[in-house]
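Novice: Just to be clear, the model below is a prediction. Sequence and coordinates:
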Amino acid sequence: MPTYNLYMGCSVPANYPNYEISMLKVAEALGIDLVYMEGVGCCGSPNLRAIDYFGWLLVNARTLAIAEKSGHDVVTPCNGCFGSLKDVHHFLLHNSEYRTRVNEELNSEGLEFTGRVRPRHFIEVLYTDIGIDAIREKVTRPLDGVGIAIHYGCHLLRPADVTEFDPAILDELVRVTGATVVEYPLWKQCCGATVLPVNEALAVRLARDKLKSIKEAGASFITVVCPACGNQLDLQQLGLKTSYGEVYDLPVLLYPQILALAMGMSEDEIGLEMNRVPAQPILEHLTG
Amino acid sequence: MSEAGEHSTTPVTLVDPIDISTLDPHFRNEIRSMPNGDDLYACFACTTCTAACPIACQWTYKPHQLIRMILLGMRNEVLSSKEIWECLTCFQCQERCPQGVRVTDIIFDCKNLAAEEGLVPENILGLGRQLLESGQLYQVTADWEREDLGLEPEVPGLDPEPMKAILHGTRTGRLVGGGD
């Protein structure tokens, strides 16, 4: 059974326990051993990177250095954590001056960053280490005919030389559930979550652009692999009813929820009632 | 005829001239020495970054202009601009740059320089304060929700103390934690 260092970050456990539980259930069913990392916390997010680059390097290098003690790769369900860890890993591997400075600081805890463990997104582990064929064998209740639009999230895809993530991975993971991937023009576009603290109106407008593009393409659902993107696309739909008078009715599901449903798990097991836009249509399809 | 008359005394300028005495010739090297700023000079102002940016349409300074302003030495204008803080960090500009200029990374560098001078929007400073004081951006408040799902009420392995300790010794501490 492959074993990984599970790095949760702060947003998923605080805001999206439904993401956490569905990931754990799917992992268990597929024989993936996720071990919660000891003594770690938040990645700091792009906000910390913006005001305190060195602090952000230290926090994330420390997480990677702790993982190096067991030698297992670091797995996270959050694009924000993934982006931070990948960027710091890439930067320190290619910059010996900063690596030395960072290790001087980590030394006080007896830690060292060498870069030998990789930060990875949970869905990339599903695809690479478990594989589409093994996942297909577990699909007992295929989501035939359901049109799903994928919102990948910026920090999963870019910068590509740092994240090394191929968007086709998520396409294939959605298709193996029996669902159809609905293409839409703004598939690469940002959800707007990062600009919320400085310009909320702009953030809402970006979410709206995205939702309009998805709705017009004819999708029934959206899938995301990031708590910040999920929050933005799900929660803003409630706000858009009042601010723009627009109703999108696009349920936003975290990818492991979709896979779990296709694997026959119940909506209660994966906390589907916590998703703000009701996912009723998908359930009617499954029971009908 | 009347048209010529209207414009005879006041010259029409489409671009405000730059006062050379306000430029900082060291700014470009300052950015170049920062993380991922190396290829700054490769910019040939093709504006691909601006075409890729989803929000440039509502900015006074477009991404390619910010890069040009850095090269020209318009340090004050760049570091006090709202644009560097509204950057979505979506990396579309950087991804499409044909010259390999790491535009988004360079905007992060600008924000760090602005922060060093205390030019940080209040809400971002608030997030810095939160990280310094609680060691996390989000804290579990509804632990019953976690328990309902069969999760541990407290996140296994979580320790916010190391981040607090780290940030007390770095710029975050100086920015928000300072003397108190």
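Specialist: Arrived safely.

Novice: Every contact and neighbour count from this point should use C-alpha atoms.
Specialist: Will do.

Novice: residue ranges with poor pLDDT in chain B?
Specialist: B:1-11, B:178-180 (pLDDT under 70).

Novice: What sits closest to the closest residue to chain B within the stretch 151-288 of chain A if chain neighbours are left out?
Specialist: Among residues of the stretch 151-288 of chain A, the one nearest chain B by Cα to the nearest Cα turns out to be A:Cys154. It sits 5.1 Å away. Spatial nearest neighbour of A:Cys154, excluding adjacent residues (Cα to Cα, 6 or more residues apart in numbering or on different chains): B:Cys90 at 5.1 Å.

Novice: Distance check, that neighbour against B:Val103.
Specialist: Distance, B:Cys90 to B:Val103, using Cα to Cα, to the nearest Å: 11 Å.

Novice: more crowded one of the two?
Specialist: Ranked by neighbour count (other Cα atoms under 10 Å in any protein chain shown), B:Cys90 and B:Val103 place B:Val103 first, with 27 against 24.

Novice: Correct me if wrong: that one contacts B:Gln92.
Specialist: No - using Cα atoms under 8 Å, B:Val103 is not in contact with B:Gln92; the gap is 9.1 Å.

Novice: The stretch 51-200 of chain A: strands as residue ranges?
Specialist: With DSSP state E, counting those that start in this stretch as the criterion, the stretch 51-200 of chain A has strands at A:74-76, A:119-121, A:147-151, A:180-181.

Novice: before we move on, the earlier item: now for B:Val103 and B:Gln92: what residues contact both?
Specialist: B:Cys49 (Cα atoms under 8 Å, 6 or more residues apart in numbering or on different chains).

Novice: coming back round to it: which residues are in contact with the residue nearest to A:Cys154?
Specialist: B:Cys90 neighbours (Cα under 8 Å, 6+ apart): A:Cys154, A:His155, A:Arg158, A:Gln189, A:Cys190, B:Thr104.

Novice: what about 10 Å?
Specialist: Contact analysis of B:Cys90 by Cα atoms under 10 Å, 6 or more residues apart in numbering or on different chains lists A:153-159, A:188-192, A:194, B:53-54, B:104.

Novice: Keep only those of these that are in helices.
Specialist: A:Cys154, A:His155, A:Leu156, A:Leu157, B:Thr104 (DSSP state H).

Novice: Select only the buried ones of these in ChimeraX?
Specialist: In ChimeraX, a selection of the buried entries from those looks like this (16 or more other Cα atoms under 10 Å in any protein chain shown):
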select /A:154,155,156,157 /B:104
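
Novice: need the ones in helices among the contacts of B:Cys90 in TSV with distance to A:Gly218, can you?
Specialist: Formatted as TSV, these follow (distance: Cα to Cα, whole Å):
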residue	distance to A:Gly218
A:Cys154	23
A:His155	26
A:Leu156	24
A:Leu157	24
B:Thr104	33
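
Novice: Most widely separated two among the ones in helices among the contacts of B:Cys90?
Specialist: Spatially, the most separated pair among those is A:Leu156 and B:Thr104, at 15.2 Å (Cα to Cα).
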